[in-house]
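okay, sequence plus prediction incoming.
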2 protein chains.
Amino acid sequence: MKFTMKRTVFMTHLSHVTRAVPSKTTIDILKGIKLEVQSDKLILIGSNSDISIESVLLSSDEMNELNIEATGSVILPARLINDIVRKLPTNTIEIEVDSQYLIIVKSGKAVFKIIGGDASTYPQLPIIESNVSATFSTTVFNQMIAQTIFSASNQETRPVLTGIHLTNHGDYLSAVASDSHRLSKREIPFPEGQQALPFESIDVPKKTMLELMRIAEDEQTLSMVVAEQQVIFSLDGITIYSRLLEGIFPDAERLIPTHFISEITLNASQFLNSIDRTSLLSTGTHKTVQMIVGNNTVNLFVKGNEVGMVAEEIEVKQIEGEEIKVSFNAEYMKDALKSFEDADVKIQLQSAARPFVIQLATPSELENNNLLQLLTPIRTHG
Amino acid sequence: MKFTMKRTVFMTHLSHVTRAVPSKTTIDILKGIKLEVQSDKLILIGSNSDISIESVLLSSDEMNELNIEATGSVILPARLINDIVRKLPTNTIEIEVDSQYLIIVKSGKAVFKIIGGDASTYPQLPIIESNVSATFSTTVFNQMIAQTIFSASNQETRPVLTGIHLTNHGDYLSAVASDSHRLSKREIPFPEGQQALPFESIDVPKKTMLELMRIAEDEQTLSMVVAEQQVIFSLDGITIYSRLLEGIFPDAERLIPTHFISEITLNASQFLNSIDRTSLLSTGTHKTVQMIVGNNTVNLFVKGNEVGMVAEEIEVKQIEGEEIKVSFNAEYMKDALKSFEDADVKIQLQSAARPFVIQLATPSELENNNLLQLLTPIRTHG
């Protein structure tokens, strides 16, 4: 193998595929990145066996400044090669590999000779049987992930809750995440004329969604293929292969209440700041804040016991329904509010003990483009 | 006590004095900040008993928007009050303290009631007997600290080596730091007409110098007073009181060699990048890099054993003297080179085992304005 190319392009793609490389693993080969050079392209693959990321760089793309002199394949030591490529002195990199898998990296007057590995021992990428794909704008898809992923569970006791549950509704896709204390749901419409996707619902691991979010830039085109136990996301030369989670995800429609006794309307980011502030006095593991909805006012209240106490009257646009007191986990509430950015939201309450719901005060003009956050209150005494 | 003032100003001064507050301490009172309100000013003090930082805010300074209604003093819980002040909703803060040390903090519609403490139990600031002070530009003084402090030791076994040794040479001040493997020395001239300072040499703890560097902005005027076992730095309403280190600091003039067999001249930042790169292949606790000075070339070399190896020819402006090989700790060399920024430097060598010296290739036009870095080589086999 021998090629030269633009160092910064190689560096970017190397860092993308390295995201799948596990920091700790007992399987030595997975500490490496597979580099395969064909006559017209270069393929990089990183994998932790659950998620694989593949990047393809074409010599026909002039941006790559890719010049292939000899084909071949090798395993690169992932962390070391990233560090080296980042620190090389010129913007051209030359890589040559001999028959003993010795990798010679040259740039300017620096010559590295790195011990590589036999690429034939690297795990194979899954073979995709479906060829029906859906396409999305990465901007919308990333937003959908960001608005739901924080509600996914970190507990491995119910693996299905550690992912995002995607449901195919024909006209639109919904994403739901829940750790059983809270639930986030975002819907996005399929682009017009989209071919029907051959799945009902899938559960994508949180890590897959996070890596996708990090790799995808705004306004790229994302394609999604669902195959047996696999989902494949592709964008701009990069493909993420991920296994799916197994198990039965709770039915969001049954969990989301529809009847409420009170509703308040307020600005999400102002309310977030108030909670951020008042929760400073919350002691204990759960940062609990109490919200007191009166006839004309809404107040936040925290009794910090040995520290002191705080009270703040909240600016509200509208209050409807009954007076009610409810306590919640401030961190969960902040996560939920952040997903609405600076918009006005309505908070709909049932009782001090039953879940409340947050939605946009003014629904989206676009159909099937809703965002909903649900939180279970914390029961307090007095 | 009762006053209102501009929140952002209070926040800045609070965070300055909090720098002296220890994160862990068995002395409860030191977890607090002393706030004293007099008829015309407000005084904040934080202390870890070795270092105390005092900040004075005058009501005559219109920038402070300080309006004092009642005098008094209190101990504020340091971390909590910083967090609260940072997150308050408006740019005006009102603080009121009752006779039971309950602190009422108001801003907008937020009302915090925090339990404070009796300020009379707070340690007294040292009383300064000397009134002879030297003044410096903070820009120059900060540079002097930054160019030497990294060589100060982290080992408490010889406490005097954990500080910066300042020597009063009459016309100029020198700062020396050394962990016995390396030594940094920077001289700065006293401003013209400066009154002679009443000390020969003092050893200032590293932490004091770090805090001074963080608080001092560029182009402020710094005043230094040396008293019995204390140094006091003042700038713009802020005063840092620090105890001095005890012990006998090694004589830098005896440690710095004056006869060399080889000298190379090169650009400090280019050389730093080469070391940064080649040291990637150094394994083991000390990141060792070998420098091979030939007749016409200088090469860096690292044999990383199981990883691979790297060689790089270095761009040099001049080589004089004998051929020589020397190995050094890459991290120490990078620290030393960084202090010269992008300047050309000369490296003067004695032998593979004895210290080498780095200085500016073109000496400063200003007298007594020198910077010198000394490094002890690492002995290697072969």
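Received, thanks.

just the C-alphas of whichever strand or helix holds residue A:75, formatted as CSV.
Taking DSSP states H and E as the criterion, residue A:75 maps to strand A:72-77. Output of strand A:72-77 as CSV, limited to C-alpha atoms (Å, rounded to 0.1, in the frame of the first residue of the first chain):
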residue,chain,number,x,y,z
GLY,A,72,-3.5,-3.0,0.1
SER,A,73,-4.8,-3.0,3.6
VAL,A,74,-3.6,-2.8,7.2
ILE,A,75,-4.7,-2.3,10.8
LEU,A,76,-3.6,1.1,12.2
PRO,A,77,-3.2,1.6,16.0
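
for stretch A:122-137, which outside residues touch it?
Here stretch A:122-137 makes contact (CB atoms under 8 Å, 6 or more residues apart in numbering or on different chains) with A:29-30, A:32, A:34, A:45, A:47, A:49, A:52, A:54, A:75, A:173, A:188, A:190-191, A:194-198, A:219-228, A:230, A:232, A:234, A:241. All C-beta spots, glycine's among them, are computed from the backbone N, C-alpha and C.

restricted to strands, list the residues you listed.
Among the contacts of stretch A:122-137, the members falling in strands are A:32, A:34, A:45, A:47, A:52, A:54, A:75, A:173, A:188, A:221-227, A:230, A:232, A:234, A:241 (criterion: DSSP state E).

I figured residue A:105 hits residue A:111, correct?
Yes - the pair residue A:105 and residue A:111 qualifies as a contact (CB atoms under 8 Å) at a distance of 7.5 Å.

give me the more crowded residue out of those two.
residue A:105 (21 against 15; other CB atoms under 10 Å in any protein chain shown).

on that earlier part again, buried ones among the contacts of stretch A:122-137?
The neighbour-count criterion (16 or more other CB atoms under 10 Å in any protein chain shown) marks A:30, A:32, A:34, A:45, A:47, A:52, A:54, A:75, A:173, A:188, A:190, A:194, A:197, A:220, A:222, A:224-227, A:230, A:232, A:234, A:241 among those as buried.

of the residues you listed, which ones also sit close to chain B?
Among the buried ones among the contacts of stretch A:122-137, not one lies near chain B by CB under 8 Å from any CB of the partner chain.

quick one: the helices in the stretch 151-300 of chain A?
A:206-215, A:252-255, A:268-278 (DSSP state H, counting those that start in this stretch).

mean pLDDT for those helices: which is lowest?
Taking the average pLDDT of each of the helices of the stretch 151-300 of chain A, the minimum falls on helix A:252-255, with a mean of 93.

hmm, who's touching that one?
So helix A:252-255 is contacted by A:165, A:174, A:176, A:178, A:183, A:185, A:355, A:374 (CB under 8 Å, 6+ apart).

rerun at 10 Å
For helix A:252-255, contacts defined as CB atoms under 10 Å, 6 or more residues apart in numbering or on different chains pick out A:165, A:167, A:174, A:176-178, A:180, A:183-185, A:355, A:372, A:374, A:376.

buried set for that helix?
Neighbour counts using 16+ other CB under 10 Å place residue A:252 of helix A:252-255 among the buried residues.

repeat that for stretch A:198-207.
Neighbour-count burial for stretch A:198-207 [16+ other CB under 10 Å]: A:199, A:201, A:202, A:203, A:204, A:205, A:206, A:207.

that stretch: end-to-end distance?
24 Å (CA to CA, to the nearest Å).

how close does the residue nearest to residue A:109 when sequence neighbours are not counted get to residue A:250?
Among residues not flanking residue A:109 along the chain, residue B:313 sits closest, at 4.4 Å (CB to CB, 6 or more residues apart in numbering or on different chains). Applying CB to CB, to the nearest Å, the value for residue B:313 to residue A:250 is 64 Å.

residue A:154: what's it in contact with?
Going by CB under 10 Å, 6+ apart, residue A:154 touches A:161, A:162, A:179, A:206.

hang on, the earlier thing: just name the most buried of the helices of the stretch 151-300 of chain A.
Most buried of the helices of the stretch 151-300 of chain A, by mean neighbour count (mean count of other CB atoms under 10 Å in any protein chain shown): helix A:268-278, with a mean of 21.

could you list the contact residues of the stretch 201-350 of chain A toward chain B?
A:270, A:273-274, A:276-281, A:297, A:299-300, A:302-315 (CB under 10 Å from any CB of the partner chain).

are any of those residues buried, and which?
For those, buried by 16+ other CB under 10 Å: A:273-274, A:276-281, A:299-300, A:302-304, A:307-314.
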